[in-house]
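[1] Based on what follows, work out the 3D shape:
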Amino acid sequence: MAYEKVLSHELNTSSIASESQDSAIDQTNLTTMRSQMRLLIQAGLKKTETEAKVKQAIENKMQVVLAAKDLISTAVQAVPQAALAWTGVCFALQILLNPSQAPKANRDGIIYIISRMNWYWNLSSILLNEDVDHGGSFRGLRSELETRIVNLYKMLLSYQMKSVCSYYRNRGLAFLRDMINLDDWNGDLKGVQDAEYVVQKDCNSYNTLQMRSDVKQLVDMQVRREDNEALRHLCLTDPNKEMTRIEETKGGLVKDSYIWILLNQEFIEWRDGDRTQVLWIKASPGKGKTMLLAGVIKELMSTPGSALLSYFFCQGTDSRLNNATAVLRGLIYQLLKQQRFLIAHLREEYDTSGQHLFEGDAFVTLRDILIKILNDLRLARVYLVVDALDECESERSRLLDFINRNSSSRVKWLVSSRPNLQLGVDVKVELILEEHLEYISQAVDVYIDYKVKELSRAKAYTSKLRDQVKARLSQKAQGTFLWVALVCKELGGPVNNWSVLQVLEEVPSDLTQLYERAIKQIQQLDRQDPMYCMQVLSTSTVAYRPFHLLELTVVADLPKEILEEKNLRVILQMCGSFLTIRDDTIYFIHQSARDFLLEKAFDEVFVSGTGDVHYTIFSRSLDVMSRTLRRDMYGLCAPGFPIDKVEQPDPNPLAVANYSCVYWIDHLCDWDSSKSTNRRDDIQDGGAIDKFLREKYLYWLEALSLLRSVSEGVHSMDKLEGLIQVIQEGCFTV
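    Model prediction:
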């Protein structure tokens, strides 16, 4: 190649080697190659500088002659012989002019070419950045643009190489080439500029599309952020986590204990057919309704197909899970998590009302949103599962009406309840578990086998004792899973192996009698332990949601030494037939346990009635808030800090006061002040409440914000205002 020969010669003769970092041609190092070409061009321009000046002077003089060319051409047109001769003269003049014009054309062109070379060198690294892939959507366009830029770059390099060759060519030969305009510098420059135009046009198109894609990505990102915010405000509790908690609290889900229903003809018709729209499972407490539904949910989730599944587990002991509005929120939340396009039905309302959408009486709004979702033609079939409808204590009739009006061959409902619940809906099929004792007994036996194996491993039973325990449990269980769980829990405690069969003989087979036995066992404990247990049971029974251990230490009316966490765990273990602990949160083992305490064992547990317990929780809540609440609890140092970006510190300074902040007014309202004349000062001017609101009101509001419970606080203040108005109007003698 002529360029390489020139470069090699100049490097060897050191004409540019002194300025170059490398004295050899390197085909792999692009930076070195560019540097050597730049130096070679500079040297060539300098070498031909004198020649270029001479030719420029000649061109200036020739221009004087050419200025008269048009005038002479007009004059000689009338004389054919002269016109022919003049044409020859004009051709000769142009040939003489070419050598003087070529250096200027080249020098003007090379300056332009070098500047554009640097521009496209930097531009290509930006435009063709492979790290910015946009999901591969621009791969084809980028490939086309890359081809255009490479072609342009070749033309730019070719112009420079051709220029270098002309600078170092024999000057006589160079003069002859210029005379016939063999190099055509102007034409080459125009070719480069035409290629530039194509590249610039393609770049503009590419950048426009890329910009649109970037804008779309930003918009999509913002939409996702807003969608997630709406979902976060919608989610009061996650049904999936609740189901996991229930399974673990009840000792795990045993497949063989629920598999029978998958073969039941009524269930199959509900699941696969078009005729059965609602399947209602009824059974007495402890018969395994909840775990049965959990098993069905697992099976439906593992079944391939286009059907959607949403479920909710009602729980009467938790105010977040015992009302119809909470049921709708849970069902909607799961549907939207599975099919994000459905969130548009929520956003129609949420974009107008924000999180206020879920405050107050939100049932109607949520009902309408769920109706729109269920009527979305993009959905095939939807299964909706609601467990323990009898524990839906608020707005149950509205929920039942909703189920009745919104069931079809596309929308299938599976619900459960106790037998005494008045349904009030057009139920297609009722499945009463007591009418399938054969299957239930077999399922309970499977569960017994599972629990006895656990006991045998933990307590080192002999094979004979294991079989005896299994047989005795099967005889007395009466098809009640809860009874088995409670008895096995007792056997897993401090019961010696030689006493196991005696304990089984003493244990009553009726669930209510089993609870009564547990109360008697608590009453027979040593010293003050029975009183401490009753205080824990009574406090947990009137609570609006399950307590965390730290919360119970401040609201329960217990001696200081008992309120230490390790001692409190001992008391809770004594109450093990009614309460259980999971993740340091205290739950009732079953709704029937709480019902028993409120109905059958009321006098033993609530010696002075529920009012005194409510007052104790209220009073101790007011005390713990007064002691712990302060400005900037999380140390954010910014009053306007976005709540969505707040991270809970560890340890959480609001952990002990969490329940108290949200529910202290509810307990105050449930306390009957007409029967407690010595405590009425708390709700008078200058009393404990007045003092708290004057000193800690703003700190309380901040705490509610950090707990994401401002709406509950607003509702509580409305209740407090209503209570004060009732008192001021003289409904109570003060």
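
[2] Please tell me how far residue 375 sits from residue 345.
    When distance is defined by CB to CB, to the nearest Å, residue 375 is 9 Å away from residue 345. No exception for glycine: its C-beta is placed from N, CA and C like everyone else's.

[3] Tell me which of those two has more neighbours.
    Each of residue 375 and residue 345 has its neighbours counted (other CB atoms under 10 Å); residue 345 has more, 21 against 13.

[4] Secondary structure element holding the more buried one?
    Here residue 345 sits within helix 343-353, counting by DSSP states H and E.

[5] what's the next secondary structure element after that helix?
    Immediately after helix 343-353, counting by DSSP H and E, sits helix 363-374.

[6] Which neighbouring elements make contact with that following helix?
    Counting contacts by 3 or more CB pairs under 8 Å, 6 or more residues apart in numbering; DSSP states H and E, helix 363-374 is packed against helix 324-338, helix 343-353, helix 396-405.

[7] Would you mind pulling the contact partners of the first one?
    Contacts of helix 324-338 from elsewhere in the structure, counted by CB atoms under 8 Å, 6 or more residues apart in numbering, are 231, 234-240, 308-312, 314, 320, 342-343, 346, 358, 361-363, 366-367, 369-370, 373, 382, 384, 386, 392, 394-396, 398-399, 402.

[8] circling back to that earlier point, in terms of secondary structure, what does the helix holding residue 345 contact?
    Using 3+ CB pairs under 8 Å, 6+ apart, helix 343-353 sits against helix 185-234, helix 324-338, helix 363-374.

[9] Tell me which helix or strand residue 465 sits in.
    Going by DSSP H and E, residue 465 is in helix 463-476.

[10] Low-confidence ranges, the stretch 1-150 of the chain, go.
    Along the stretch 1-150 of the chain, segments meeting pLDDT under 70 span 1-31, 34, 36-38, 40-107, 109, 115-142.

[11] What of the stretch 151-300 of the chain?
    Using pLDDT under 70, the flagged stretches of the stretch 151-300 of the chain are 164, 167, 169-183, 205-223.

[12] now the stretch 301-450 of the chain
    Counting by pLDDT under 70, the stretch 301-450 of the chain has low-confidence residues at 423-427.

[13] So the residue nearest the centre of the chain versus residue 343, what's the distance?
    The centre of the chain sits closest to residue 228, judged by CA atoms, centre = their mean, with a distance of 6.1 Å. According to CB to CB, residue 228 stands 10 Å off from residue 343.

[14] cool, and residue 271?
    27 Å.

[15] go on, residue 682?
    46 Å.

[16] neighbour-wise, which of the two wins?
    Legend: neighbour count by other CB under 10 Å for residue 682 and residue 343, higher for residue 343 (23 against 19).

[17] Cross-check the contact I'm expecting between the more buried one and residue 230.
    Yes. Shown here, residue 343 and residue 230 form a contact pair, counting by CB atoms under 8 Å, at 6.8 Å.

[18] quick one: contacts for residue 598?
    So residue 598 contacts residue 541 (CB under 8 Å, 6+ apart).

[19] Can you name the residues in contact with stretch 610-624?
    Residues outside stretch 610-624 that contact it (CB under 8 Å, 6+ apart): 538-539, 541-543, 554-557, 606, 656-657, 659-661, 663-665, 667-668, 670-672, 675-676, 679, 682, 688-689, 692.

[20] Buried by neighbour count, from those: which ones?
    Buried by 16 or more other CB atoms under 10 Å: 538-539, 541-543, 554-557, 606, 656-657, 659-661, 663-665, 667-668, 670-671, 679, 682, 688-689, 692, out of those.

[21] can you tell me which of those residues are in helices?
    Mapping the buried ones among the contacts of stretch 610-624 onto helices (DSSP state H) picks out 538-539, 541-542, 554-555, 659-661, 663-665, 667-668, 670, 688-689, 692.

[22] what secondary structure does residue 163 sit in?
    What DSSP: H, G, I helix; E, B strand; the rest coil gives for residue 163 is helix.

[23] Where does the nearest residue to it once chain neighbours are set aside fall, secondary structure wise?
    Leaving aside its sequence neighbours, residue 163 sits nearest to residue 110 (CB to CB, 6 or more residues apart in numbering; 5.2 Å). Taking DSSP H and E as the criterion, residue 110 maps to helix 80-127.

[24] cool, and residue 242?
    Element membership for residue 242, per DSSP H and E: helix 239-249.

[25] So which bits of that helix are buried?
    Judged by neighbour count using 16+ other CB under 10 Å, the buried positions of helix 239-249 are 239, 242-243, 245-247, 249.

[26] I'd like to know which of those residues is nearest to residue 406.
    residue 239 (18.6 Å; CB to CB).

[27] quick one, domains of the protein?
    The record's domain split for the chain, according to automatic domain parsing, is 48-212, 235-427, 440-507, 517-728.

[28] so which of the ones you listed gets nearest residue 434?
    Of the domains of the chain, nearest to residue 434 by CB to CB is domain 235-427, at 6.4 Å.

[29] how about residue 234, what does it touch?
    Residue 234 sits next to 329, 332-333, 336, 346, 358 when contact means CB under 8 Å, 6+ apart.

[30] Please, which helix or strand holds residue 415?
    strand 411-417.

[31] Past that strand, which element shows up next along the chain?
    Following strand 411-417 in sequence order, the next helix or strand is strand 429-432 (DSSP H and E).

[32] gap between the helix or strand following that next one and the chain center?
    Counting by DSSP H and E, the next helix or strand C-terminal to strand 429-432 is helix 437-459. In this view, helix 437-459 has its centroid 39 Å away from the chain centroid, taken as CA atoms, centre = their mean, to the nearest Å.

[33] just checking, what packs against helix 437-459?
    Using 3+ CB pairs under 8 Å, 6+ apart, helix 437-459 sits against helix 259-262, helix 463-476, helix 481-491.
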